[in-house]
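In: When you get a sec, could you give me coordinates for this:
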Amino acid sequence: MKKYLLMLAFFGFVLSSFCAEWLTDLDKALEIAKKEKKIVLINFTGSDWCGWCIKFKKEVLSTEEFEKYASKNLVLVELDFPSKKKLSDDLKKANSALKEKYKVNGFPTFVVLNAEGKEIGRQVGYSEGGPEPFIKKLEGFKKKS
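Out: Residues are numbered from 1 along each chain as shown. Model (predicted):
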């Protein structure tokens, strides 16, 4: 039984090390990006109503390939504009202010920042092909930082 529990604990640790953590606080994300020398990926999404957001999350953001890349290269921020899911008033206000600041008019929109907060790239809308072309695009943005 102990052997089984140890295997489960190890498996959970391995999985969690590849699971990308999405923050909701851009200032905190920028702090981490500076410390860890990473870039910031902001995902403006309608997580529970936007079909293209849901499809991109399934085909790219939730894949093992993307999560491995993200854990080494990105600080992730999700700014959600849900229909049914409840957000605090403070979070709604913060998300709306950032949506306005970055002139986001549609979902999904991905904005990439360097560790100083300067925009170095963006993708508006869904793109096909799975994680590989998206990672390649992020690598191109990273070279600009």
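In: CA only for contacts and neighbour counts going forward, please
Out: Will do.
In: can you pull the contacts of the most centrally placed residue in the chain?
Out: Nearest residue to the geometric centre of the chain (C-alpha atoms, centre = their mean): residue 76, 3.7 Å. Shown in contact with residue 76 (C-alpha atoms under 8 Å, 6 or more residues apart in numbering): 20, 21, 22, 23, 29, 40, 41, 42, 43, 70.
In: could you redo the last one with a cut-off of 6 Å?
Out: 22, 40, 41 (C-alpha atoms under 6 Å, 6 or more residues apart in numbering).
In: Okay, it and residue 84: tell me how far apart.
Out: From residue 76 over to residue 84 the distance is 23 Å, taken as C-alpha to C-alpha, to the nearest Å.
In: what does residue 67 give?
Out: Distance from residue 67 to residue 84, counting by C-alpha to C-alpha: 26 Å.
In: which regions of this structure sit below the pLDDT cut-off?
Out: 1-19 (pLDDT under 70).
In: can we see that at 50?
Out: 4-9, 11-17 (pLDDT under 50).
In: can you pull out the helices in it?
Out: For the chain, applying DSSP state H gives helices covering 2-18, 26-36, 51-56, 64-73, 89-101, 131-144.
In: possible to save those as a markdown table with distance to residue 114 and mean neighbour count?
Out: Formatted as a markdown table, the helices of the chain follow (distance: least, C-alpha to C-alpha, whole Å; neighbours: other C-alpha atoms under 10 Å):
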| stretch | distance to residue 114 | mean neighbour count |
| --- | --- | --- |
| helix 2-18 | 22 | 11 |
| helix 26-36 | 8 | 17 |
| helix 51-56 | 23 | 18 |
| helix 64-73 | 11 | 17 |
| helix 89-101 | 16 | 13 |
| helix 131-144 | 8 | 15 |
